[in-house]
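> from the sequence below, what's the structure:
(one chain, ligands or ions: 2)
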Amino acid sequence: MQHKEFRLLVINPGSTSTKIGIFDNDRSVFETTIRHDIETISEFEHVIDQYAFRKKTILEALDKEGINISKLSAVVGRGGLLRPIEGGTYEVNEEMLEDLREGFSGEHASNLGGIIAHEIAGNLNIPSYIVDPVVVDEMEPVARISGVPEIERKSIFHALNQKAVARRVAKSLGTPYHELNLIVVHMGGGITVGVHKGGRVIDVNNGLHGEGPFSPERAGTVPAGDLVSMCFSGEHYAEEVMKKLVGQGGLVGYLGTNDAREVEKMIEEGSSEAALLYEAMAYQVAKEIGAASAVLYGRVDAIILTGGLAYGKEFVKKITDRIEWISDCIIQPGENELQALAEGGLRVLMGEEEAKRYPDAIVKEQLDR
Ligand SMILES: Nc1ncnc2c1ncn2[C@@H]1O[C@H](COP(=O)(O)OP(=O)(O)O)[C@@H](O)[C@H]1O
Ligand SMILES: CCCC(=O)OP(=O)(O)O
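Ligands and ions are numbered 1, 2, ... in the order given. As a prediction, the model looks like this:
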């Protein structure tokens with residue numbers, strides 16, 4: 001029987017880059033990463049303001065490659081800060097667009113994925129989807145408690161890549177994903193450390209709003225009392241403080257760059273400040289992995305390090321030196337997000353799965369609250 005051929009455009013806006021791909025069914029025929037330096041990104045007050053800029057760079061990249069978008073069957077974007085929902089593929093609809101534009105759970109580049117996908121697809125009269133957005137929420141009740149009754153911990157993380165890489169590693173280990181205890185560490189513009197138990201991410205640091213290790217452009221956990229004092233010092237607007245946590249925190253805050261390769265260059269050129277900060281980022285990642293291993297009572301089948309920073313051999317060594325006593329460390333540099341987006345869209349186009357309707361699949365515990 002002859003299989004139908006679908007051509008998909010997949011779009012993955014990250015905090016430091018926009019990655020795009022063209023897939024014929026699940027076969028990648030073109031992929032590129034457009035990096036955005038901190039000067040360009042800082043010109044925009046809000047992430048949503050980057051919409052026209054990111055869309056233009058995508059269309060230009062496709063045009064440069066001579067790709068005719070009129071032949072597309074669907075456009076799939078990385079999903080953003082929606083309401084907490086279960087994993088899966090969702091058709092982009094008006095309710096979703098409204099929440100993405102507003103940034104229902106905050107601002108992040110992935111909010112643009114569904115919006116740009118919908119815009120390009122709408123002009124071609126084809127469907128648009130998002131897959132496993134950053135708000136996929138499988139946290140256990142015990143992990144939701146913060147210590148302040150009015151504040152609940154949230155699941156905001158690299159769900160798409162963490163799940164895709166975990167499944168890939170499970171396959172290579174010859175054990176089903178849902179039978180493994182894994183710690184998956186995605187290290188990109190943000191850094192998230194997910195505890196995968198029985199195929200669910202039962203705990204993870206909120207990689208966006210100040211939890212966990214600091215990262216190329218985020219603060220991670222900061223001393224709470226000092227943050228409160230800063231907020232009420234009368235010296236800063238709320239938006240300014242939020243930017244210190246997201247966008248202008250981490251390496252950007254200390255060294256003015258979100259590019260780890262530049263930091264490596266500074267270290268090579270003798271900067272002891274850059275060396276200390278790189279060491280500190282690795283130290284904080286290792287500490288978070290230690291905490292994640294306690295969630296699993298120390299029974300960890302593997303620790304997976306992934307994302308752009310996992311290409312940095314020295315950086316990875318600084319982490320593994322501190323944690324390899326916990327379990328085997330598997331290094332999967334980069335991410336599998338474009339492939340995962342394509343496969344999610346394809347499952348729906350092939351009729352293997354029905355697209356979920358947003359916001360029908362909101363995590364039930366959230367509604368009960
Ligand atoms: N070869 C490399 N060595 C070290 N760091 C790298 C390398 N390639 C990318 N990175 C770093 O990874 C980070 C971006 O990771 P990535 O997963 O692409 O981020 P995002 O998708 O969040 O934009 C940047 O700090 C970048 O400098
Ligand atoms: C919001 C969590 C996902 C995340 O941090 O993505 P980037 O590393 O691409 O910014």
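> distance check, G122 against S128.
Distance check for G122 against S128: by C-beta to C-beta, to the nearest Å, it reads 7 Å. In this view, the C-beta of every residue, glycine as well, is placed from N, C-alpha and C.
> higher neighbour count, the two?
S128 (28 against 13; other C-beta atoms under 10 Å).
> hey, what's the more buried one bridged with?
As for beta bridges, S128 partners with V75 under DSSP bridges.
> would you check that it makes contact with G114?
Yes - the criterion here is C-beta atoms under 8 Å, and S128 meets it with G114 at 7.1 Å.
> mutual contacts of the two, please.
Common neighbours of S128 and G114, counting by C-beta atoms under 8 Å, 6 or more residues apart in numbering, are G77, V92.
> so which residue of this protein comes closest to ligand 2?
G190 (2.5 Å; C-beta to the nearest ligand atom).
> pretty sure that residue contacts N161?
No - the pair G190 / N161 is not scored as a contact, 11.4 Å apart, by C-beta under 8 Å.
> so these two - more neighbours on which side?
Shown here are G190 and N161; by other C-beta under 10 Å, G190 has more neighbours (31 against 27).
> and that one, what does it touch?
Going by C-beta under 8 Å, 6+ apart, G190 touches S15, H158, G207, L208, S215, E217, R218.
> can I get these in CSV with secondary structure?
Putting these into CSV (DSSP: H, G, I helix; E, B strand; the rest coil) gives the following:
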residue, secondary structure
S15, coil
H158, coil
G207, coil
L208, coil
S215, coil
E217, coil
R218, strand
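> mind checking the backbone torsions on the residue in the stretch 251-369 of the chain positioned nearest to ligand 1?
Of all residues in the stretch 251-369 of the chain, G308 sits closest to ligand 1, at 2.2 Å by C-beta to the nearest ligand atom. Main-chain torsions, G308, degrees, to the nearest 10: phi -60, psi -40.
> that one: how many residues sit nearby?
Counted with other C-beta under 10 Å, G308 comes out at 22.
> and if you look at C231?
Using other C-beta under 10 Å, C231 has 15 other residues around it.
> what's near enough to touch C231?
C231 makes contact with A238, V241 under the criterion C-beta under 8 Å, 6+ apart.
> E279 contacts K318, doesn't it?
Yes - between E279 and K318 there is a contact at 6.2 Å, judged by C-beta under 8 Å.
> between the two, who's got more neighbours?
Per other C-beta under 10 Å, whichever of E279 and K318 has more neighbours is K318, with 18 against 14.
> may I ask which helix or strand encompasses the more buried one?
Using DSSP states H and E, K318 sits in helix 313-323.
> what about that helix, near ligand 1?
No - residues of helix 313-323 contacting ligand 1 under C-beta under 6 Å from any ligand atom: none, with a closest distance of 6.6 Å.
> give the buried residues for that helix.
Within helix 313-323, the residues that count as buried by 16 or more other C-beta atoms under 10 Å are F315, V316, K318, I319, T320, R322, I323.
> report the distance from that helix to the chain centre.
With C-alpha atoms, centre = their mean, to the nearest Å as the basis, helix 313-323 stands 21 Å off its chain's centre.
> what helices or strands is it leaning on?
helix 260-268, helix 272-295, strand 302-307, strand 329-333 (3 or more C-beta pairs under 8 Å, 6 or more residues apart in numbering; DSSP states H and E).
> next, the angle from it to strand 329-333.
160 degrees (axes from the mean of the first three to the mean of the last three C-alpha atoms, to 10 degrees).
> would you mark the buried spots in the strand or helix carrying M230?
Using DSSP H and E, M230 falls within helix 224-231. Within helix 224-231, the residues that count as buried by 16+ other C-beta under 10 Å are L227.
> I'd like the next helix or strand past it.
For helix 224-231, the following helix or strand on the C-terminal side (DSSP H and E) is helix 238-245.
> surely S73 and V10 touch.
No - using C-beta under 8 Å, S73 is not in contact with V10; the gap is 11.9 Å.
> would you mind measuring from M230 to S105?
23 Å.
> circling back to that earlier point, list the residues that contact both of S73 and V10?
Among the neighbours of S73, none is also in contact with V10 (C-beta under 8 Å, 6+ apart).
> how many other residues sit next to E140?
By other C-beta under 10 Å, the residues close to E140 number 14.
> and it, what pLDDT?
What the model reports as pLDDT for E140 is 97.
> number of residues surrounding the closest residue to it other than its chain neighbours?
Of all residues not flanking E140 in the chain, I202 sits nearest, at 4.7 Å (C-beta to C-beta, 6 or more residues apart in numbering). Residues within reach of I202, counting by other C-beta under 10 Å, total 20.
> ok, the helix or strand where I202 lies: who's next to it in the sheet?
For I202, the host element (DSSP H and E) is strand 200-204. Take DSSP bridges as the rule and strand 200-204 pairs in its sheet with strand 191-197 (antiparallel).
> how's this protein carved up into domains?
With the TED database as the criterion, the domains of the chain are listed as 7-138+338-368, 159-331.
> where among the ones you listed is average confidence lowest?
Ranked on mean pLDDT, the bottom entry among the domains of the chain is domain 7-138+338-368, at a mean of 93.
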